[in-house]
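Peer 1: Quick one: sequence plus predicted model below, questions after.
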Amino acid sequence: MTAPRIGFIGAGNMASSLIGGMLQQNFKPAQLLASDHNPEQCQRIARQFGISSSTDNAVLAADCDVLLLAVKPQVMREVCQALPAMRKPGQLVISIAAGIDCRSLSRWLGEDTPLVRCMPNTPSLYRQGVSGLYATPSVSNAQKQLTEAIFNAVGISLWLDQESQIDAVTAVSGSGPAYFFYLMEAMINAGEQLGLNRDTAERLTLFTALGAAEMAVQSEVDVAELRRRVTSPGGTTEQAIGSFTADQLPQSIARGMQAAARRAGELAEQLGDKA
Ligand SMILES: NC(=O)C1=CN([C@@H]2O[C@H](COP(=O)(O)OP(=O)(O)OC[C@H]3O[C@@H](n4cnc5c(N)ncnc54)[C@H](O)[C@@H]3O)[C@@H](O)[C@H]2O)C=CC1
Ligand SMILES: O=C(O)[C@@H]1CCC=N1
């Protein structure tokens, strides 16, 4: 069987993360293609990964077994509606856009198009990604397996029962790397204020984050217990956690994540097909 050809429409941050991770696994440069309306993005991605690229999305639509839509939600309608009606037979379309739902995508691409919605995240570049997946009924088992092969090559993936859960996945893991980067920024700045030089504060923070994540993934006890084990009674951690709790940090995080999920719904409402 020939290797399936996978075309990325939109050669930006997320396409680069996925392609970079896939090439470190079993995927070959010859089976990956990318298109972007910006010629500089086309050149960059072709040079970086040794794959073919085009400024014409229609080239990928005619040629690829999987079209992976990696443009911003704001241009998704225009991109889908401009694709030729005659695409490669049996082609699977995967959208990674926040918000835009399968109902809109199927109206723009054709009602019987096999569609998967996926919410990945940028650590896919280092094969540490997490992706939530939802398939419409017209997606075959073989296409589901191919979808898993793509996203498991860049980390782990899990199927969702309901499309609406994609908005929650977006709020937890799609946007999630940014929350941890935000916390790291704050810790680096605070370390500097405590008298460390910036490089030292940065190295301490980043390797603490890496170590804590590794422990949480490997450990047989939950993260609350891991936290308790660092928190000596009458010690230093207790003071920090007490201060975070008094400042209502958990409630603040919950409100932020609710805002992210709400925004996904607004994107669907504002940019989707309401008819
Ligand atoms: N950045 C992230 O962490 C994540 C992003 N996503 C989703 O991935 C999608 C892409 O996001 P990013 O990669 O961050 O955006 P980006 O802006 O880095 O990449 C989008 C690319 O699409 C290109 N583009 C715009 N109009 C086009 C057209 N008509 N034809 C072809 N290419 C066109 C742009 O030139 C750009 O290179 C979004 O829908 C976003 O919701 C999902 C999960 C995580
Ligand atoms: O911020 C966004 O809208 C995209 C979706 C998840 C991560 N980045």
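Peer 2: Received, thanks. Numbers count the residues shown, from 1 in each chain. Ligands and ions are numbered 1, 2, ... in the order given.

Peer 1: Now do the domain split for the chain, please.
Peer 2: 6-161, 174-267 (automatic domain parsing).

Peer 1: Include distance to ligand 1 when you put these into JSON lines, please.
Peer 2: C-beta: built from backbone N, CA, C; applies to glycine. Output for the domains of the chain, formatted as JSON lines (distance: least, Cβ to the nearest ligand atom, whole Å):
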{"stretch": "domain 6-161", "distance to ligand 1": "2"}
{"stretch": "domain 174-267", "distance to ligand 1": "4"}
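
Peer 1: Turn those domains into JSON lines, columns for distance to ligand 2, mean neighbour count and mean pLDDT.
Peer 2: As requested, these are arranged in JSON lines below (distance: least, Cβ to the nearest ligand atom, whole Å; neighbours: other Cβ atoms under 10 Å; pLDDT from 0 to 100):
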{"stretch": "domain 6-161", "distance to ligand 2": "4", "mean neighbour count": "19", "mean pLDDT": "95"}
{"stretch": "domain 174-267", "distance to ligand 2": "3", "mean neighbour count": "13", "mean pLDDT": "98"}
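
Peer 1: Val244 should be in a strand, yeah?
Peer 2: Val isn't right for residue 244; it's Phe. No - under DSSP: H, G, I helix; E, B strand; the rest coil, Phe244 sits outside any strand and is assigned helix.

Peer 1: any idea how far it is from Ala186?
Peer 2: For Phe244, the distance to Ala186 (Cβ to Cβ, to the nearest Å) stands at 11 Å.

Peer 1: do Arg44 as well
Peer 2: Relative to Ala186, Arg44 is positioned 32 Å away (Cβ to Cβ).

Peer 1: quick one, helices of the chain?
Peer 2: 13-23, 39-49, 57-63, 73-82, 102-109, 141-152, 165-169, 176-193, 198-218, 223-230, 236-246, 249-271 (DSSP state H).

Peer 1: Of all those helices, which one is nearest Leu125?
Peer 2: Closest approach to Leu125 among these (Cβ to Cβ): helix 13-23, 4.0 Å.

Peer 1: name the helices or strands packed onto that closest one?
Peer 2: With contacts taken as 3 or more Cβ pairs under 8 Å, 6 or more residues apart in numbering; DSSP states H and E, helix 13-23 sits against strand 6-9, strand 32-35, helix 39-49, strand 129-135.

Peer 1: how far out from the middle of the chain is it?
Peer 2: Helix 13-23 sits 10 Å away from the centroid of its parent chain (Cα atoms, centre = their mean, to the nearest Å).

Peer 1: Please find the angle between the direction vectors of that helix and strand 129-135.
Peer 2: Relative orientation of helix 13-23 and strand 129-135, computed by axes from the mean of the first three to the mean of the last three Cα atoms, to 10 degrees: 100 degrees.

Peer 1: what inclination does helix 13-23 have with respect to helix 141-152?
Peer 2: Using the same axes, to 10 degrees: helix 13-23 against helix 141-152 is 100 degrees.

Peer 1: Can you dump the C-alpha atoms of helix 13-23 in PDB for me?
Peer 2: Extracted C-alpha coordinates of helix 13-23, given in PDB (Å, rounded to 0.1, in the frame of the first residue of the first chain):
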ATOM      1  CA  ASN A  13       2.800  27.600  13.900                       C
ATOM      2  CA  MET A  14       0.500  24.600  14.400                       C
ATOM      3  CA  ALA A  15       1.200  23.000  11.000                       C
ATOM      4  CA  SER A  16       5.000  23.400  11.700                       C
ATOM      5  CA  SER A  17       4.600  21.700  15.100                       C
ATOM      6  CA  LEU A  18       2.700  18.800  13.600                       C
ATOM      7  CA  ILE A  19       4.900  18.300  10.600                       C
ATOM      8  CA  GLY A  20       8.100  18.600  12.700                       C
ATOM      9  CA  GLY A  21       6.800  15.900  15.100                       C
ATOM     10  CA  MET A  22       5.500  13.600  12.400                       C
ATOM     11  CA  LEU A  23       8.900  13.600  10.600                       C
END
